Each structure stands twice: as C-alpha cells, then as structure tokens.
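# Got a predicted model here, sequence first, then my questions.
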Amino acid sequence: MKTVIFASLLASAVAFAPATTKSASSTSLRAADLSKEIGAMAPLGFFDPLNVACDKPVFDELRYVELKHGRVAMLAVVGYLVTKAGARFPGCENVGSGFAALKELPMAGYLMVAFSIAILEIVNRDATGDSEFMGDFRNGFDFGWDKQTDEWKKKKRTIELNQGRAAQMGILGLMVHDGMGNLDTILP
C-alpha cells in the first residue's frame, strides 16, 4: 500500500516538473500543422503527449477511430437510458438493463446484437469512394451537406466530435455507477 501511495505522489510531482525544451525539428512543424485540425481546441489544443500521431495519415486514422468510438458511445448512452426506462426488444422483455443484461440475455438476444453490429459494419463505410473525410458515410446521398460552406461543415464536424467525446465519458460514468450499484440514485 505504501508503494502505491509513493508511486502516486511521485507521478503527481513529475506532472509539475519543468518541461524540457527541444530545438526546432520536424516534430514541431508537424504539431503546428495538426494544431489546426478539427477537434484541436482550447484548453488543450492539439494534445498528443505520447507523440502517437506522427504524421497526417496516422492522425487521420486515429481521428476516424475517435469519431467511430464517439458514434458508438452516443448510441450506447441512448440505449442504456432507453433500456433503463423499460423498453425492450421482443423476446427480451424479462431481461434487466445494464450489466444485469449480460447474465440474463438469451442466446437469441446475443445473436440479435451480433447481427446488428455486422449490418452496421457492412453499411457504415465509404462504398462510393468519394467521401470528404474518413468517417463520411453519405455514399452518394446528399442531405444538404454539399450546399453548405466549409466553415459550417467544420463547425458541425467539431460538434459531432465533441458530442462523441462527451458520450464516451457519459457511458463510462453510467457503467461505473451501474457496477457500483447506485445507478438508480442518479437516474430518475
């Protein structure tokens, strides 16, 4: 226990240590380029402390993964709240919500989930090859996106990215409280 406390204190002390200054190199140029990307905003700006996004293609792939995780998290939060409210698919009326569903869900329910995920993975892709960015799955359908200005598009993409980030934290909070057993105290 003392080791854990000591490691925590050491880690917090390192967080406040002065940063080392590096000479200008290609990484500082890269950071300047990526700092203008969607999602790099106050207070952190472009935040990559582990230097994982080493170039633009890697950054684009990581941004696509973040966008996809955000979209899944948004669906997860809505699904969590809807099932907590009592809505169920046919055949799963007696199944609980949250982690309780993992123990009570019949095999047909697991197959329904797997089938739904497979269909979503097949449909949600760039089938035509003319997407504006990774994660653009309009596939030839125009919902008014092409008529908008670049500034409007950037704003909407930033909103989606931030909503996805918030949903990831939201589903994590719901799962933690469900695991602790006090979800009923925070949800109506």
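That came in fine, so what should we check first? None of these values were measured; they are calculated from a predicted model. Numbers count the residues shown, from 1 in each chain.
# three-state assignment of Arg88?
coil (DSSP: H, G, I helix; E, B strand; the rest coil).
# and the most centrally placed residue in the chain, how far is that from Leu81?
Geometric centre of the chain, nearest residue: Gly70, 2.8 Å, by CA atoms, centre = their mean. Distance, Gly70 to Leu81, using CB to CB, to the nearest Å: 17 Å. Just so you know, the C-beta spots here come from the backbone N, C-alpha and C atoms, and that holds for glycine as well.
# Phi first, then psi, for the residue nearest to the centre of the chain.
Main-chain dihedrals, Gly70, degrees, to the nearest 10: phi -60, psi -40.
# check contacts around the residue nearest to it when sequence neighbours are not counted.
Spatial nearest neighbour of Gly70, chain neighbours left out: Gly164 (1.6 Å); criterion: CB to CB, 6 or more residues apart in numbering. By CB atoms under 8 Å, 6 or more residues apart in numbering, Gly164 lies in contact with 66-67, 69-71, 73-74.
# Quick check on these: which are buried?
Neighbour counting with 16 or more other CB atoms under 10 Å marks 66-67, 70-71, 73-74 as buried within the contacts of Gly164.
# Tell me which residues touch the residue nearest to the centre of the chain, please.
Residues near Gly70 by CB under 8 Å, 6+ apart: 160-161, 163-165, 167-168.
# before we move on, back to that, for the buried ones among the contacts of Gly164, which one is nearest His177?
Ala73 (15.7 Å; CB to CB).
# that's a strand at the closest one, yeah?
No. With three-state DSSP as the criterion, Ala73 is assigned helix and is not in a strand.
# any weak-confidence spans in this structure?
Applying pLDDT under 70 to the chain picks out residues 1-32.
# ok, 80 please
1-33, 42-44, 91, 129-130, 138-140, 188 (pLDDT under 80).
# Out of the buried ones among the contacts of Gly164, the closest to Val176 would be?
Among the buried ones among the contacts of Gly164, Ala73 lies closest to Val176 (CB to CB), at 14.0 Å.
# residues touching the closest residue to the closest one other than its chain neighbours, list them.
With CB to CB, 6+ apart as the criterion, Ala73 has its nearest non-adjacent residue at 3.8 Å, and that residue is Ala167. By CB under 8 Å, 6+ apart, the contact list for Ala167 reads 70, 73-74, 76-77.
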